[in-house]
Each structure stands twice: as structure tokens, then as C-alpha cells.
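[1] Sequence plus the predicted model coming up.
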Amino acid sequence: MTTPTPSYGQYCPISRALDLVGERWSLLILRDLLLGTTRFNDLARGLPGLSRSLLAKRLRQFERAGLVERLVGEYLLTDAGRELEPILFGLGEWGARWTFGAPRDDERDPALLVWWMHRRVDTSSFPGRRHVLLVRFTDDPRRFWIVIEAGVPSVCESDPGYPVDVTVSSDVASLYQVWLGRLPLTHALRTGRVAFTGPPALTRRMPSVLRLSPVAGYADTSHLDAATQRAS
């Protein structure tokens, strides 16, 4: 028998909304749905701290509430679900302004970072139908390959056997900060915190290939401006 979710018991639209989306993991599941992840296994891979049973429970709750509908193995947002986008990313903007410092050690997950990044890669400016990016971290022994076949990206944690077009090298923290907009890519390249290796015709396209996180535009980079002024 399923235990009903406790309610705040207040006749208020904020209370009712929190009854639905205020539980642990709910907003992060909705974040990934809004960013285009639709399959259960992909949602689970992008939320490694969330058990599959709790993910299934939350998705069922969203279905019953009319936020998502399941069609042919995919979870698709309804109009009600999509209308959460400005609310959710507004929360992200607030968090970037008031709570967002450097990543803690327990937040640095190279596999998760590459998984997030691969969904935003755009290699349409590269020739051919298959493109391969190798991501190697200077402070983690694992290697990750982002393979884009006819515009569809995937992540491999072992060598897929295809020629590598461009290698991305960085320490984990620096690539996190680039992805999240706290460290401009131009600054990271100039200071050696990030490097691209490969044919110049491809490496010079990488700033447009690696599209940043949707919340990158909210990041505060004033700490870099101050450091640059001191250095000059």
C-alpha cells in the first residue's frame, strides 16, 4: 500500500504547488525534463544520487498531477509542466546570485559533468556525420568520449574506437566553472585551465560547440574582474 504524501494542509496556491513539487528531487527531475531529457534511464543517469524507485515514484506523481504524460517510453511535459520553466530557472537565477560559490569537493563529479555537457554539444559546424570529443581531466584518471552521430550525442566511458576530433583537457573544478558560467572560456584557455587539442580548423570552433549550462548566464564573474584589475 502506498503511503500518501503529507500535505501542508493550507488552502493557498503556494502550499498546493509545494505539495506537488516541493519534495526532495522533484525540482531537479523537472529541471532535466525541461532541458530535454525524456527517457527514464537518461533521467536516472543525470541524477546519480536518486534511487530508481524514488524516480519512478516522482514521475508517477507528476503524471497523476498532469505535469507529464508517458508516451512510447518517454516522459513528455504537458503545458502545465512547461509553464514551470520560468519559475524553476528563476530559482536558478536567485541561487546563482546569492548561494553559488566554488564547487565543493563532494559536488565535483566528472561523469555527471560530462553527461550534462554532452546534451548541449553542437558540432553542426564540423564536417561529416560522426564527431568525437575526448574529455580528459588532469586530476581524475577517467576518460570520457562524447560521440555525436548525425547530431545525436552520447557518452562513452570506454574508447568507442573512433578517431578523436578534439581533446578537451582541464581539471574538474575549472571545467565545472566554465560550464556554469563562473569562469569565461576565453580566460580559462588563456590561463591554461582548459585546453583544446586537435586540428586548428576544429579547435577554434570549440567555443561555439560547447554550449554552456542554461544557468550560465546568471553567474556572477565579478570575482574575476577584481582579480584582473589587481593583476594589472
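    Ah, there it is.

[2] What is the end-to-end distance of stretch 43-51?
    11 Å (C-alpha to C-alpha, to the nearest Å).

[3] can you pull the contacts of the residue nearest the centre of the chain?
    For the chain, W116 is the residue whose C-alpha lies nearest the centre (C-alpha atoms, centre = their mean; 3.3 Å). Counting by C-beta atoms under 8 Å, 6 or more residues apart in numbering, W116 touches G46, W179, S213. Just so you know, the C-beta spots here come from the backbone N, C-alpha and C atoms, and that holds for glycine as well.

[4] low pLDDT regions in this protein?
    For the chain, applying pLDDT under 70 flags the ranges 1-5, 218-232.

[5] Now find how far off-centre stretch 184-194 is within its chain.
    The chain centroid and the centroid of stretch 184-194 are separated by 20 Å under C-alpha atoms, centre = their mean, to the nearest Å.

[6] which other residues reach it?
    168-171, 174-175, 177-178, 183, 195-196, 207, 210, 221, 224.

[7] ok, so of the residues you listed, who is nearest T37?
    Closest approach between those and T37, by C-beta to C-beta: L210, at 18.6 Å.

[8] hang on, the earlier thing: the residue nearest to the centre of the chain sits in which helix or strand?
    helix 110-118 (DSSP states H and E).

[9] Same question for Y75.
    Going by DSSP H and E, Y75 is in strand 74-77.

[10] try R24
    With DSSP H and E as the test, R24 turns up in no helix or strand.

[11] Pull the number of nearby residues for it.
    Neighbourhood size, R24 [other C-beta atoms under 10 Å]: 10.

[12] cool, D165 as well?
    Neighbour number of D165 under other C-beta under 10 Å is 22.

[13] coming back round to it: JSON lines for the contacts of W116, including neighbour count and secondary structure?
    Listed next are the contacts of W116 as JSON lines, based on neighbours: other C-beta atoms under 10 Å; DSSP: H, G, I helix; E, B strand; the rest coil:
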{"residue": "G46", "neighbour count": "18", "secondary structure": "helix"}
{"residue": "W179", "neighbour count": "22", "secondary structure": "helix"}
{"residue": "S213", "neighbour count": "20", "secondary structure": "coil"}
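
[14] before we move on, back to that, next, the buried residues of the helix holding W116.
    P110, L112, L113, V114, W115, W116, M117, H118 (16 or more other C-beta atoms under 10 Å).

[15] go on, stretch 29-36?
    Neighbour-count burial for stretch 29-36 [16+ other C-beta under 10 Å]: I29, L30, R31, D32, L33, L34.

[16] Return the distance of it from the chain's centre.
    Relative to where its chain is centred, stretch 29-36 has its mean C-alpha point 10 Å off (C-alpha atoms, centre = their mean).

[17] Any chance you could list what contacts it?
    So stretch 29-36 is contacted by 21, 43, 46-47, 50, 55, 58-59, 62, 67-68, 75, 77, 81-82, 84-85, 88-89, 119, 214 (C-beta under 8 Å, 6+ apart).

[18] could you redo the last one with a cut-off of 7 Å?
    21, 43, 46-47, 55, 58, 68, 75, 77, 81, 84-85, 88, 119, 214 (C-beta atoms under 7 Å, 6 or more residues apart in numbering).

[19] Tell me which entries of those residues lie within helices.
    V21, L43, G46, L55, R58, G81, E85, L88 (DSSP state H).
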